[in-house]
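>>> how does the following fold in three dimensions:
(one chain, ligands or ions: 1)
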Amino acid sequence: MRLEGKKLSFRYDSGPWLFQNLDISVHPGEIVGLEGPSGCGKSSLARILAGYARPHTGTVELDGKPIPGRGSHPVQLVLQHPEKAVNPRWRMNRILAEGGEPDPALLQTFGIEKEWLNRWPNELSGGELQRFCIVRALGPQTRFLIADEMTTMLDAITQAQIWRAVLDAARERNIGILAVSHERQLLRRLCSRVMEWNGYSSF
Ligand SMILES: Nc1ncnc2c1ncn2[C@@H]1O[C@H](COP(=O)(O)OP(=O)(O)OP(=O)(O)O)[C@@H](O)[C@H]1O
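Below is the predicted model:
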């Protein structure tokens, strides 16, 4: 089940093309990095791959077929600011349930404490909240995870703990990861392949 973006082109309204005829692919279980300067279009590409935006040209396919518009999307996106990705009026157990019945083993892998489940989002630290967002993204239907600056705001220890948990979960389920970041060192450590942004050619 390979995730492939084929001949993708995108721009906002009449703005400049952020990328044209761009090809990108990630294999199951592969950890791929994507780095590039601020504003080049990495997050826009991430949104397209996860089904939040449509490309002007090109297609996103899973194993050679378009991704169905219904049901849980097999490509999940985790963003930099977890507080923007949760409903502040829901307790954490309800937020988590959006991704399906949470797997107790996954909660343990991510160090999520039982007591946190009954809290509101503003009663957790950024790192604790991000763990919830990642577990929510790793529902049973998820085949690919796009981590868009997922740990950029966190301290080095929390960043390492979270990535360790993500890599363990990905290995166990053969999930492919696209890690989008401006942190070259982080990508070099995590990924088997790092693509440098060039909006006009193939990765
Ligand atoms: N909704 C929007 N409407 C118009 N322009 C947008 C919109 N969202 C982003 N842009 C512009 O598109 C360009 C690419 O943005 P994008 O967020 O994809 O870049 P990025 O590479 O992820 O940047 P960063 O590393 O700073 O997060 C930027 O110039 C940005 O200002």
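>>> so what touches the strand or helix carrying residue 136?
Here residue 136, judged by DSSP states H and E, is contained in helix 126-137. With Cβ atoms under 8 Å, 6 or more residues apart in numbering as the test, helix 126-137 has contacts from 76-79, 82-83, 85-86, 92, 95-96, 98-99, 102, 106-107, 110-112, 116, 121, 124, 145, 150-151, 153-155, 158, 161-162, 165-166. In this view, the C-beta of every residue, glycine as well, is placed from N, C-alpha and C.
>>> any idea of the mean pLDDT for the top helix by length along the chain?
Ranked by residue count, the top helix of the chain under DSSP state H comes out as helix 156-173. In this model, helix 156-173 has an average pLDDT of 96.
>>> rounded mean pLDDT for the helix or strand following that helix, please.
For helix 156-173, the succeeding helix or strand toward the C-terminus, using DSSP H and E, is strand 176-180. For strand 176-180, mean pLDDT is 98.
>>> restricting to C-alpha, output strand 176-180 in CSV.
Provided in CSV are the C-alpha atoms of strand 176-180 (Å, rounded to 0.1, in the frame of the first residue of the first chain):
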residue,chain,number,x,y,z
GLY,A,176,4.8,4.8,6.8
ILE,A,177,5.7,8.3,8.1
LEU,A,178,6.4,11.5,6.3
ALA,A,179,8.2,13.8,8.7
VAL,A,180,8.1,17.4,7.6
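>>> do that strand and the ligand come into contact?
No: using Cβ under 6 Å from any ligand atom, no contact is recorded between strand 176-180 and the ligand, whose separation bottoms out at 7.0 Å.
>>> the helix or strand just after that strand packs against which elements?
Sequence-wise, the next helix or strand downstream of strand 176-180 (DSSP H and E) is helix 184-190. Packing partners of helix 184-190 (3 or more Cβ pairs under 8 Å, 6 or more residues apart in numbering; DSSP states H and E): strand 31-35, helix 156-173, strand 176-180, strand 193-196.
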